[in-house]
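> Kindly generate the corresponding structure for this input.
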Amino acid sequence: MVIRYKRVVFTSFLVALIIFLVWPGIQFSATQKNRPTLSTPYSDLDNWPSLKRPALDPVTEQQIDALLDAMSLAEKVGQMTQGEIASTSPEDVTTYALGAILNGGGSWPGNYPEAGTKAWLSIADQYWLASQQTPLGIPVLWGTDAVHGHNNVRGATLFPHNIGLGATNNPDLIQSIAQATAEQVMATGLDWTFAPTVAIAQNPRWGRFYESFGQQPGAMYQYAHAAVLGYQSRDLKKGILATAKHFIADGATTNGRDQGNSRVSERALMNLHAQGYYGALEAGAQIVMASFSSWKGLAMHAHAYLLTDVLKTKMGFDGFVISDWDALSKVEGCRYQHTCAKAINAGIDMVMVPHQWKGFIDATVAAVERGEIPMSRIDDAVRRILRVKIRAGLFEKPMPSQRLLAGNNRLLNSVQLNQLARQAVRESLVLLKNNHQLLPLKPSGNYLIAGDYDALARQNGGWSLTWQGGAHHAKTYFPDATTILDGVLEAVIAGGGHVTELKLADRLEESVDAIIVVISEPSCAETMGDYPSWVGLTPGNSPKTFFGIEVLNAIKQKYSGVPIVTVYQGGRPLWLNPQLNQSDAFVVAWLPGTQGAGVADGLFGIWPIKGTLPVNWPRGDCSGAPANKASALFPLGYGLTFDDDLNIKNTLPSRSSLTLGDKGLAFQCIWQNQVLHRMR
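Sure, this is the predicted structure:
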């Protein structure tokens, strides 16, 4: 029996190998006329470029000199410290002269998720007033993760995540969304967002894949430039501070592991992974966040060559570098109760120390006194922080509740904002398959809808009210939001058609024009969203539920002959060949945010679908994202329009190249092990 089993496995391996070798030659392409070409002025580089940045202002530098001369060592280290509001009181800001505070994902005033603008402004005033009680009255900065709208605030309009915006080919739209987000943030009295993420995402196993605009370097340059202009405004005093993150190559780690190690060449760094930083810095970005990841084994938070020699010296960045959340504790030999000299000497200027910030201050002061950190490095870090605060007009602005846009709830959610979000959803849709030009659907038709069609939490994805997203009462927290179902109902009611929510026990009593099935990836963020490498792995400790696939399987078997339109909601390109085969039309909706009705606008032709893939779509179940277009099933830039008459046969390889799972998916490959377990 053992010998026979091995023969079966070996035979399966040979079959899989043959499929793998033959299949790469099959690829679908669709080019769109009049699609803009997004380019970068920095290509084919052999050396790091010197970026276009304004000269230093002598008056500002003199003001900084005077402040530095008046500050004690402890006050300087305080300016370099950022604590989380759950562990940092306004009194702490006064006592320790803290330079910044933040609220992390799922952190609100009073730990109350229902907090409105009044609550946010009240606590922002308290922190600001506390900073004015310090000897020099240096204003405190408040940073927040407003990454697709002001997503920590109840009721705020949320926009598609970056991966969807990358499909729009529309930098102007990205700038408008960033500007709207900045106004949302200003309505609550905050100063700074930890956005945009400008990583080139290369492996869909990465849990932060959806935070990236995609893989094309020219587009990344343009999108980063547009986003920073939107957040900061051309007059920095009229916007909020942006953060280009995470420096550098966090999207290129081995196996897509969050906080992992990248081994790409330095030439790949400067020509590919730095493009977003070129765009962001030339648009005036004042803050860069270092990456949790490493380059060739050395943690970025301790990488003096890249942080200081490249970013600050060669590229000419004169703002400040901030660490990621508690990241210094991950640097070898760096613990808050001892010393973090390695990271500060490497070029970290402000340290995000959510909870153990008192230990950080004590350890850093002691390290300076022992000579482990030069005073010149401390002065340089504080100079950069003060320079950004002066440029942002913080020394001139009144308390947060007295600022121009403070308390304006229409900036958080309004008809105009929801229209902008819905337009972004429409433009982000990508049509992978449309056999016999099934789409657009006629609003006057008769339809069934099934699967995950009314799930706002998974529409929003991670970083939505909470860190991981997936709030159980999402519609309670976002009462003006719409789902895909809302949009379908709106379209068919206006067109005189009919839609029924399908129960699998139903028998079709009348003619149905099509069944709309929505499948969804679970919401996730950061490492919790990583899909493990496929080789020999069993499912992770927290298997994720992939919603709607079993429903699609059952519908295909029970209602054969009825056209199926599948909508995929998710933050990454996945091997979904079985689902593509089961579908007559297949639309990628990414993570659309609170205006999911925009998806239906595309399905029914209210807005023409014209988005294109910002990444290569994998052809194999165990291959991950293809490194280049030639090995992709659907290459970067692919996207059908309603005019394209391309019929894709339902014969895409849908058997595993390893052990076959019980739902037509591969048990051991990348995301399939997540899909199969606890699947709905």
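> Provide a list of residues in contact with the residue nearest the centre of the chain.
The centroid of the chain falls nearest to residue 211 when counting by C-alpha atoms, centre = their mean (1.6 Å). Contacts for residue 211 (C-beta atoms under 8 Å, 6 or more residues apart in numbering) come out as 147, 161, 162, 163, 197, 199, 201. C-betas here are computed from N, CA, C, even on glycine.
> make it 10 Å
By C-beta atoms under 10 Å, 6 or more residues apart in numbering, the contact set of residue 211 is 147-148, 161-163, 195-199, 201, 245-246, 250-251, 461-463, 525-526, 529, 571.
> before we move on, what about residue 152?
Contact analysis of residue 152 by C-beta under 10 Å, 6+ apart lists 103-108, 113, 115, 120, 144-146, 185, 188, 190, 463-467.
> Specify the local secondary structure of it.
Three-state call for residue 152 (DSSP: H, G, I helix; E, B strand; the rest coil): coil.
> what about it, distance to residue 106?
7 Å (C-beta to C-beta, to the nearest Å).
> Quick check: neighbours shared by the two?
In contact with both residue 152 and residue 106: 113, 145, 463, 464, 465, 466, 467, using C-beta under 10 Å, 6+ apart.
> Looking at those, which is nearest residue 501?
residue 464 (24.4 Å; C-beta to C-beta).
> Number of residues surrounding the residue lying closest to that closest one once chain neighbours are set aside?
With sequence-adjacent residues excluded and distances taken as C-beta to C-beta, 6 or more residues apart in numbering, residue 464 is closest to residue 151, at 5.2 Å. The number of residues packed near residue 151 is 28, by other C-beta atoms under 10 Å.
> residues contacting residue 151?
105, 144-145, 157-159, 161, 181, 184, 460-466, 469, 478, 593-594.
> 6 Å instead, please
158, 463, 464 (C-beta atoms under 6 Å, 6 or more residues apart in numbering).
> what's the pLDDT at the last one?
This points to residue 464. On pLDDT, residue 464 comes in at 94.
> now the one 5 residues further on
In this prediction, residue 469 carries a pLDDT score of 92.
> Distance of it relative to residue 50?
In this view, residue 469 and residue 50 are 40 Å apart by C-beta to C-beta.
> So for those two, which sits in the more crowded spot?
The residue with more neighbours, out of residue 469 and residue 50, is residue 469; 25 against 10, by other C-beta under 10 Å.
> which ones are touching that one?
Applying C-beta under 6 Å, 6+ apart, the residues near residue 469 are 460, 461, 462, 523.
> need the residues you listed in a markdown table with neighbour count and secondary structure, can you?
As requested, these are exported to a markdown table (neighbours: other C-beta atoms under 10 Å; DSSP: H, G, I helix; E, B strand; the rest coil):
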| residue | neighbour count | secondary structure |
| --- | --- | --- |
| 460 | 30 | helix |
| 461 | 33 | coil |
| 462 | 27 | coil |
| 523 | 28 | coil |
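> With respect to residue 46, which of those residues is nearest?
Compare each of the contacts of residue 469 with residue 46 using C-beta to C-beta and the shortest gap goes to residue 462, at 38.0 Å.
> you'd agree that closest one is up against residue 524?
Yes - applying C-beta atoms under 6 Å as the test, residue 462 and residue 524 come out as touching, 5.3 Å apart.
> what touches both of those two?
Among the neighbours of residue 462, those also in contact with residue 524 (C-beta under 6 Å, 6+ apart) are residue 468.
> Near residue 66, how many other residues are there?
Residues near residue 66, counting by other C-beta under 10 Å, number 10.
> brain fart, residue 449
Residue 449, neighbours per other C-beta under 10 Å, totals 23.
> So what's the predicted local confidence for residue 507?
Looking at residue 507, its pLDDT stands at 71.
> next one: phi and psi at the closest residue to residue 391 other than its chain neighbours?
Leaving aside its sequence neighbours, residue 391 sits nearest to residue 236 (C-beta to C-beta, 6+ apart; 5.4 Å). Dihedral pair for residue 236: phi -60, psi -30, per degrees, to the nearest 10.
> quick thing: my sequence starts at 4, can you match it?
In the new count, where the first residue is 4, that last one comes out as residue 239.
> I'd like to know how many residues surround residue 239.
17.
> Roughly how far does it sit from residue 287?
To residue 287, residue 239 is 7 Å away according to C-beta to C-beta.
> next one: residue 82
From residue 82 to residue 287 the distance is 22 Å (C-beta to C-beta).
> Comparing those two, which shows the higher neighbour count?
Between residue 82 and residue 287, counted using other C-beta under 10 Å, the more crowded position is residue 82 (29 against 21).
> Run a quick check on that one versus residue 390, I expect a contact.
No - taking C-beta under 6 Å as the definition, residue 82 is not a contact partner of residue 390, at 11.6 Å.
> need the contact list for residue 356.
Contacts of residue 356 (C-beta under 6 Å, 6+ apart): residue 363.
> again, but for residue 400
Each residue near residue 400 by C-beta under 6 Å, 6+ apart is listed here: residue 406.
> likewise residue 259?
Applying C-beta under 6 Å, 6+ apart, the residues contacting residue 259 are 206, 208, 209.
> From the rest of the structure, what touches stretch 309-319?
The set of residues external to stretch 309-319 that reach it, using C-beta under 6 Å, 6+ apart, is 51, 53, 54, 56, 320, 324, 349, 350.
> Show me just the buried residues among these.
Applying 16 or more other C-beta atoms under 10 Å to these, the neighbour count classes 51, 54, 320, 324, 349, 350 as buried.
> nearest residue to the last one other than its sequence neighbours?
When you say that, I think you mean residue 350. Per C-beta to C-beta, 6+ apart, closest to residue 350 is residue 310, 3.2 Å.
> Next, the one you found: phi, psi?
Main-chain torsions, residue 310, degrees, to the nearest 10: phi -70, psi -40.
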